[in-house]
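Chemist: let's see this in three dimensions:
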Amino acid sequence: MNTRILMALLHKEVSLMRRNTILPKIIFIMPLMVMLVIPLVANLDVKNVKIVVVDNDHTQLSKRIIADISSSPFLNVVAACGTHGEAMEWVENGDADVLLTIPYDYSKNIVSGVDQIDVEANGVNATKGMIGAGYVSQSVGETLVQWKDENGIGFPVANISVVNRYNPTLDFRNYMIPALMVVLIIIICGFLPSLNLVSEKETGTMEAMNVTPVGRFTFVLSKLIPFWIVGILVVTVGMIVGWLVYGLVPAGDIWMIYLATILFSLVMSGLGVAIANYSSTMLQSIFVMFAFIMIFQLMGGLFTPIGSMPEWAQNVTYAIPPRYFIEIMRSIYLKGTSFIELLPQYMALFIFAVTLCCVAAISYKKQA
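Modeler: Numbering: from 1, shown residues only. Predicted coordinates for the structure are as follows:
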């Protein structure tokens, strides 16, 4: 690959981007619209709230509390742990939404109201954590009222404390903002490069380039590098907007966000180039990219929690690259998760990036 030729082509691409009347507006206005509007209008239904229980009482009352929770159509007891630390591992790994702790000798001290049942919500998903904790508290309260009536005793029923982990304010915007970066990268690094390459076919520029000594990798890189840089700038703008407007800053390292952005940019650009290579017109590429965008948004965990999907759909999401990018962004922003803990997600993005870039390179045919 000739570096001098690549730099000349990059200079040409930057000049064309600056002269374009629509592209600069999309690059600068779209991040602001996405980060300002969507967090205010997005909503989420809650189903299948996963509960992890720590039963330190081991009495008939504690077992009945757990059984009543399990019978709820909205609650699902996924584990019963012996210690609070073990249960917190379920919450930290995202395998549980609510942690219920029943203290020692609870049934003995219930009349005096000395002990209380603790309900801790996983606030990474604000809506699911808040509503899930409410469901659990309501279920426990109803069980205690029935227990009181059956045994003819009186005790304070409202004896439950709720702690929201990772997102204390339960602000749903804190859950959505980190994931909205995926929309920006899909558009900037996937959709726009695809349209750019197909437009070269329609205008005849591609045919003229095919008879030059410029290699196919050099030509494709000249088309993608500007959008990679713009993608990083757009994510930076998104983080600044999240900080200035919503007061949301990453709890983890920022370099991890940029690393995930680079990998996901490679994923989307590889997909965009592959679609452009198989498209004859801009309209074809628009329809195909739009189909992928819809699938990515609906099944990537952006608006709908993956845990609330049917089991078959949850298995399908492992083949959806945005799933891993969204998990990384939310974990870094809300939990401050370390790189080692997120290594499986990074490796998944890396594999997707290598695979799709290879497909894009192979499918691009330079004809003399």
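Chemist: how about residue 243, nearest residue that isn't a chain neighbour?
Modeler: The shortest distance from residue 243 to any non-neighbouring residue, by C-beta to C-beta, 6 or more residues apart in numbering, is to residue 249 (5.2 Å). Where you see a C-beta, it was placed from the backbone N, CA and C, and this is true even at glycine.
Chemist: would you agree that neighbour falls within a helix?
Modeler: No: secondary structure of residue 249 (DSSP: H, G, I helix; E, B strand; the rest coil): coil, not part of a helix.
Chemist: how close does it get to residue 352?
Modeler: Separation of residue 249 from residue 352 (C-beta to C-beta, to the nearest Å): 28 Å.
Chemist: repeat for residue 27
Modeler: Where residue 352 is concerned, residue 27 sits at a distance of 24 Å (C-beta to C-beta).
Chemist: quick check: which element contains the most centrally placed residue in the chain?
Modeler: By C-alpha atoms, centre = their mean, the chain has its centre lying nearest to residue 326, at 2.3 Å. Here residue 326 sits within helix 321-330, counting by DSSP states H and E.
Chemist: can you report phi and psi for residue 336?
Modeler: phi 70, psi 40 (degrees, to the nearest 10).
Chemist: just residue 119 next, same as before
Modeler: phi -120, psi 110.
Chemist: equivalent analysis for residue 55, please.
Modeler: As for residue 55, its main-chain torsions (degrees, to the nearest 10) stand at phi -100, psi 100.
Chemist: ok, what's across the strand from it?
Modeler: Note on residue 55: beta-bridge partners by DSSP bridges are residue 102.
Chemist: who's in contact with it?
Modeler: By C-beta atoms under 8 Å, 6 or more residues apart in numbering, the residues touching residue 55 are 62-63, 66, 80, 102.
Chemist: okay, and which of those map to strands?
Modeler: Within those, residues falling in strands by DSSP state E are 80, 102.
Chemist: just the strands in the stretch 151-300 of the chain please.
Modeler: Taking DSSP state E, counting those that start in this stretch to define them, one finds strands in the stretch 151-300 of the chain at 160-165.
Chemist: do a quick rundown of the helices in it.
Modeler: 172-185, 192-203, 205-210, 216-246, 254-277, 282-299 (DSSP state H, counting those that start in this stretch).
Chemist: and these: which comes nearest residue 128?
Modeler: Among those, helix 172-185 comes nearest to residue 128, with 8.7 Å by C-beta to C-beta.
Chemist: which stretches of the chain aren't confidently modelled?
Modeler: Where the chain drops to pLDDT under 70, the residues are 1-2, 41-47, 111-115, 126-127, 153-162, 164, 169-172, 206-211, 213-216, 365-368.
Chemist: does residue 64 really touch residue 143, like I thought?
Modeler: Yes: checked against C-beta atoms under 8 Å, the pair residue 64 and residue 143 is within contact range at 6.0 Å.
Chemist: ok, those two, which is more surrounded?
Modeler: Higher neighbour count among residue 64 and residue 143: residue 143, with 19 against 15, using other C-beta atoms under 10 Å.
Chemist: from residue 287, how far off is the residue of the chain positioned farthest from its centre?
Modeler: Here the chain reaches farthest from its C-alpha mean at residue 152, the gap being 49.5 Å by C-alpha atoms, centre = their mean. Look at residue 152 and residue 287: by C-beta to C-beta, they are 69 Å apart.
Chemist: and what of residue 299?
Modeler: 19 Å.
Chemist: hmm, back to that, wait, the residue nearest to residue 243 touches residue 240, no?
Modeler: No: judged on C-beta under 8 Å, residue 249 makes no contact with residue 240 at a distance of 10.1 Å.
Chemist: that older thread, contacts for the helix holding residue 326 next, please.
Modeler: Counting by C-beta under 8 Å, 6+ apart, residues outside helix 321-330 touching it are 94, 124, 175, 178-179, 181-182, 185-186, 256-257, 260, 263-264, 267-268, 296-297, 299-302, 306, 317, 342, 345-346, 348-349, 352.
Chemist: for ChimeraX, what selects the buried ones among these?
Modeler: To isolate the buried members of the contacts of helix 321-330 in ChimeraX, using 16 or more other C-beta atoms under 10 Å:
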select :94,124,175,178,179,181,182,185,186,256,257,260,263,264,267,268,296,297,299,300,301,302,306,317,342,345,346,348,349,352
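Chemist: helix or strand right after the helix holding residue 326?
Modeler: helix 343-363.
Chemist: buried residues of that next one, list them for me.
Modeler: 345-346, 348-349, 352-353, 356-357, 360.
Chemist: residue contacts, the nearest residue to residue 279 once chain neighbours are set aside?
Modeler: Leaving aside its chain neighbours, residue 279 sits nearest to residue 285 (4.0 Å; criterion: C-beta to C-beta, 6+ apart). Residue 285 is in contact with 194-195, 198, 275-276, 279, counting by C-beta under 8 Å, 6+ apart.
Chemist: would JSON lines of those residues with neighbour count be doable?
Modeler: Listed next are the contacts of residue 285 as JSON lines, based on neighbours: other C-beta atoms under 10 Å:
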{"residue": "194", "neighbour count": "27"}
{"residue": "195", "neighbour count": "19"}
{"residue": "198", "neighbour count": "24"}
{"residue": "275", "neighbour count": "26"}
{"residue": "276", "neighbour count": "28"}
{"residue": "279", "neighbour count": "20"}
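Chemist: of the residues you listed, which is the nearest to residue 50?
Modeler: After measuring these against residue 50 - C-beta to C-beta - the closest member comes out as residue 275, at 37.0 Å.
Chemist: surely the closest one touches residue 194?
Modeler: Yes: shown here, residue 275 and residue 194 form a contact pair, counting by C-beta under 8 Å, at 5.2 Å.
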